[in-house]
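> following is a predicted model, sequence given first.
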Amino acid sequence: METWLNSEDDTQMLHFSNKFDIFRRDRESVTRGGGLLIGINSTLQSKVIASELNIEMLWVSITCHNKSHLLCLVYRPPDSTVSYWDQFEFALASQEHSFHKYESVVVLGDFNINWPNAPHKFIDVLNMYGFDQLVNQNTRPSTNANDGSQIDLVFSNTGSSVRNISVVDNPVESDHHAIEFDIDCRLYLPTTSTIRSFIKWNSGDFHHLNNLLHLAPWSMFLNENDVNASWSGFMDIIDAAVRDSFPRVKSRARKQSSPWITKHIKRMIQKKKKLFKKSRRSGIQEHWDAHKKWRNKVHYAIRKSYKDYVNNLFRSADNKKRFFAFVKDKRSSSLPSKFINPTNNSYYSNIEDIVNGFNRFFTSIFNDVNVHFNFNEPPPVLLKSLYLLIFHLVRMI
């Protein structure tokens, strides 16, 4: 928040200071305005990472459940010149070497510039570092309800970690609205490696398998009146016969969090870090230009590799497990998806309403058939199974 505090103002005068760890970056000049303050709940581990000298910017890390997030609070004076964006870029560059240590990097604050009219230089810098702007409402109202400006902004380099962002009434007297959002600090069990069991097909006894399947009591497991029981019995016989005929081997598979980061890109990142250290040590503009040029190449290479990886997931017909693992990892919540009733914008609350909602949607496009499911009178088995299958598939992704 913008505080208007200076060195003469004691932090103890703030009413919430006993419950929060307070980090300040006061404006050194005598001009009115500016000044930054971040209050972190004392139950969380937090510390100041950096406080920029040339611009009003404060970096603070938060650690919860062994997951660290980096917050950067910014205040841009409304009378700032064009050179401010160069200083802003330099400040991001000075911390970029540590971004990989954090689950997310969140840059937020009062930029005093209406986001729909943001300058290209500002947008280019954000895109260069992979930041997305998450606020989509006016944060400073005006007397005209249709007017207002979107000057309080929140940026994140991992959108899945920042959720439920909303603009709300400010709890204190201010001409700005407040912004609320959640940062994902849930505790996950370690999944760096997984022990998997694989069948060694080349070392199996196919003759023994054939005999087991030939002698299996199929009639005991197949039920012509219950397809589910028949399928379960069929798979039990197949699984038992395969386990008895083929050896298995266990292997530890290490999880790769970002498979699109190739060895070539890792080498490029290492070179970028070396160029940054060289530039910071020498301070020569030519070295900084070389670092920026190489940094841009790294960002573009990562974006291209990421797009190629995602596109290959869609193209490969035999890639279902990796595809759904990728989709699941990008979900911001493990809860089932919400289904909206388009007639009144309310949420469907039970399976029957959801299934009938799918039916109305499909029949609005293919209007040769109009079926309504009454669960007291069972619908055609094939159509009911189809809609229930669609419902469960949507919940999976």
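Happy to help now that I have it.
> hey, let's count contacts and neighbours off CA atoms from now on
Noted.
> poorly predicted segments of the stretch 201-350 of the chain, please.
By pLDDT under 70, the weakly predicted segments of the stretch 201-350 of the chain are 252-257, 314-350.
> show me where it has strands.
Ranges of strands in the stretch 201-350 of the chain, per DSSP state E, counting those that start in this stretch, are 248-254, 340-341, 346-347.
> repeat that for the stretch 1-150 of the chain.
Using DSSP E, counting those that start in this stretch, strands in the stretch 1-150 of the chain cover 20-25, 36-41, 45-51, 56-64, 67-75, 104-110, 132-133.
> mean pLDDT lowest for which of the ones you listed?
When those are compared by mean pLDDT, strand 20-25 comes last with a mean of 77.
> strand partners of it, parallel vs antiparallel please.
strand 36-41 (antiparallel) (DSSP bridges).
> quick one: the helices in the stretch 51-200 of the chain?
Taking DSSP state H, counting those that start in this stretch, the helices of the stretch 51-200 of the chain run over residues 84-95, 120-128.
> nearest to Gly204 among the ones you listed would be which one?
Across these, the minimum distance to Gly204, taken as CA to CA, is reached by helix 120-128, at 53.3 Å.
> which residues sit against the closest one?
85, 89, 132, 296, 299 (CA atoms under 8 Å, 6 or more residues apart in numbering).
> out of the strands of the stretch 1-150 of the chain, nearest to Asp205?
strand 67-75 (48.7 Å).
> and the closest one, which strands flank it?
Using DSSP bridges, the strands paired with strand 67-75 are strand 56-64 (antiparallel), strand 104-110 (parallel).
> tell me the most buried of those strands?
Most buried of the strands paired with strand 67-75, by mean neighbour count (mean count of other CA atoms under 10 Å): strand 104-110, with a mean of 22.
> thinking again about what came up before, so which of the helices of the stretch 51-200 of the chain is nearest Gln270?
helix 84-95 (14.8 Å).
> what lies in contact with that closest one?
Helix 84-95 is contacted from outside by 52, 54-55, 121-122, 125, using CA under 8 Å, 6+ apart.
> buried set for it?
Within helix 84-95, the residues scored as buried using 16 or more other CA atoms under 10 Å are 85, 88-93.
> one step back: want to throw the helices of the stretch 51-200 of the chain into a markdown table with mean pLDDT and distance to Lys272?
Below are the helices of the stretch 51-200 of the chain laid out as a markdown table (pLDDT from 0 to 100; distance: least, CA to CA, whole Å):
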| stretch | mean pLDDT | distance to Lys272 |
| --- | --- | --- |
| helix 84-95 | 88 | 11 |
| helix 120-128 | 86 | 14 |
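> out of the ones you listed, which is closest to Met220?
With CA to CA as the criterion, Met220 lies closest to helix 120-128 of these, at 63.4 Å.
> mind listing what's buried in the closest one?
125-126.
> returning to that earlier point: got a markdown table for the strands paired with strand 67-75, with distance to His97 too?
Shown next, in a markdown table, are the strands paired with strand 67-75 (distance: least, CA to CA, whole Å):
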| stretch | distance to His97 |
| --- | --- |
| strand 56-64 | 14 |
| strand 104-110 | 12 |
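> nearest to Trp288, out of these?
Nearest of those (CA to CA): strand 56-64, 21.3 Å.
> what angle separates the closest one from strand 45-51?
Here strand 56-64 points in a direction 150 degrees away from that of strand 45-51 (axes from the mean of the first three to the mean of the last three CA atoms, to 10 degrees).
> give me the residues contacting strand 56-64.
By CA under 8 Å, 6+ apart, the residues outside strand 56-64 that reach it are 24-25, 27, 34-36, 44-52, 68-76, 185.
> neighbours of Ile151, just the number please.
Ile151 sits with 21 neighbouring residues when counted by other CA atoms under 10 Å.
> returning to what we had before: mind checking which of the strands paired with strand 67-75 is nearest Ala240?
strand 56-64 (45.6 Å).
> now for the contacts of helix 84-95, which pair is the farthest apart?
Farthest apart among these - using CA to CA - are Glu52 and Lys121, which lie 20.0 Å from each other.
> tell me who's in contact with Glu103.
The contact partners of Glu103, by CA under 8 Å, 6+ apart, come to 67-69, 158, 161.
> separate out the buried members of those residues.
Using 16+ other CA under 10 Å, the buried ones in those are 67-69, 161.
> coming back round to it: and which of the contacts of helix 84-95 is nearest to Trp260?
Taking the contacts of helix 84-95 together and measuring to Trp260 by CA to CA, the closest member is Val125, at 22.6 Å.
> what distance do you get for the closest residue to Asn157 other than its chain neighbours to Leu153?
Leaving aside its sequence neighbours, Asn157 sits nearest to Phe131 (CA to CA, 6 or more residues apart in numbering; 4.3 Å). Separation of Phe131 from Leu153 (CA to CA, to the nearest Å): 12 Å.
> more crowded one of these two?
Comparing Phe131 with Leu153 by other CA under 10 Å, the one with more neighbours is Leu153, at 23 against 19.
> list the residues that contact the more buried one.
Counting by CA under 8 Å, 6+ apart, Leu153 touches 108-111, 115, 133-135.
> count of neighbours near Arg281?
For Arg281, the neighbour count with other CA under 10 Å is 10.
> quick one, what contacts it?
Residues near Arg281 by CA under 8 Å, 6+ apart: none.
> again, only using 10 Å
Contact analysis of Arg281 by CA atoms under 10 Å, 6 or more residues apart in numbering lists 275, 287.
> same deal with Trp218?
Counted by CA under 10 Å, 6+ apart, Trp218 has contacts 230, 233-234, 237.
> what about 8 Å?
So, once contact is read as CA under 8 Å, 6+ apart, Trp218 ends up touching Phe234.
> separation between it and Ile62?
To Ile62, Trp218 is 60 Å away according to CA to CA.
> then Asp79?
Distance from Asp79 to Ile62, by CA to CA: 32 Å.
> repeat for Ser46
The separation that Ser46 has from Ile62, given CA to CA, amounts to 5 Å.
> over to Glu103?
Relative to Ile62, Glu103 is positioned 10 Å away (CA to CA).
> next: Lys277.
26 Å.
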